[in-house]
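# The following block contains a protein sequence and its predicted model.
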Amino acid sequence: MTPSDLVLTPRGVRFLGRVFPCTIGKGGVSKFKREGDGATPNGHHRIVGMLYRADRIARPTYWAHPIGPQDLWSDDVSDTNYNHMVTAPYAFSHEKLQRADPLYDLVLLTDWNWPNAVPGKGSAIFLHQWRRPGYPTEGCVAFRRDHLHWIADRVAPGTRLIIPEV
């Protein structure tokens with residue numbers, strides 16, 4: 001491990017010498033992640049992208065991609081685009097990326113089950129804003145808004161997110 005890795009610890013995520021409180025999936029950490037189990041998958045994952053709401057925040061970095069009302073994420077195991085960003089209108093089950101709440105105003109994408117997704121292995125493990133301290137996610141890692149922005153200002157494509165076994 002290096003200081004530039006994002007490492008989940010019992011106190012939060014350690015990154016560049018700081019520890020940021022976070023929440024993880026309501027299913028805890030799992031070696032056997034499955035779609036809908038609410039677990040955060042253990043292992044070494046890479047940051048592969050950044051999405052942001054251009055109508056709410058300034059572009060965080062040159063490699064960030066703006067999202068709009070047509071941008072969705074497929075979570076349907078029968079979809080050939082499972083665990084990929086897709087565009088509305090879309091017939092398969094999906095999640096809207098442009099939400100009414102601020103949770104996805106800034107999103108770091110991981111390579112969990114991506115780009116060659118295995119149906120049912122789980123989709124969309126993001127780093128995003130939390131609802132409130134201690135409120136679990138569906139498997140993502142969530143942070144306080146200012147902490148997420150601090151991390152996003154310093155993270156690079158390929159940065160590792162390390163989720164150890166518990």
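Right, received. Where do you want to start? Numbering: from 1, shown residues only.

# Please identify the helix or strand for the nearest residue to Arg59 once chain neighbours are set aside.
Among residues not flanking Arg59 along the chain, Tyr52 sits closest, at 6.6 Å (CB to CB, 6 or more residues apart in numbering). Bear in mind the C-beta positions are built from the backbone N, C-alpha and C, glycine included. For Tyr52, the host element (DSSP states H and E) is strand 43-53.

# which helices and strands sit right next to that strand?
strand 64-67, strand 106-110, strand 160-163 (3 or more CB pairs under 8 Å, 6 or more residues apart in numbering; DSSP states H and E).

# ok so, going back, wait, the residue nearest to Arg59 sits on Ile67?
Yes: with contact defined as CB atoms under 8 Å, Tyr52 reaches Ile67; the gap is 6.9 Å.

# Between those two, which contacts overlap?
Contact criterion CB atoms under 8 Å, 6 or more residues apart in numbering; residues shared by Tyr52 and Ile67: Val107.

# So which residues of the chain form helices?
Along the chain, the stretches classed as helices by DSSP state H are 145-154.

# pLDDT below threshold where in it?
Judged against pLDDT under 70, the chain has no low-scoring part.

# got the buried residues for the strand holding Tyr52?
Across strand 43-53, burial judged by 16 or more other CB atoms under 10 Å covers 43, 45, 47, 49-53.

# Between helix 145-154 and that strand, find me the angle.
100 degrees (axes from the mean of the first three to the mean of the last three CA atoms, to 10 degrees).

# ok now strand 43-53, how far from the chain's centre?
6 Å (CA atoms, centre = their mean, to the nearest Å).

# What lies in contact with that strand?
By CB under 8 Å, 6+ apart, strand 43-53 touches 6, 59-61, 63-67, 71, 97-98, 104-112, 114, 125, 127, 152, 155-163.

# repeat for stretch 141-149
8, 13, 20-24, 40, 60, 102-103, 105-106, 108, 125-131, 133, 135, 151, 161, 163.

# Likewise for stretch 153-166?
1, 4-8, 15-16, 24, 28-29, 31, 40-50, 60-61, 63, 108, 110, 127, 141.

# Any of those residues buried? List them.
By 16+ other CB under 10 Å, these give 6-8, 15, 24, 29, 40-43, 45, 47, 49-50, 60, 108, 110, 127, 141 as buried.

# And stretch 120-129, end to end?
With CA to CA, to the nearest Å as the measure, stretch 120-129 spans 25 Å from end to end.
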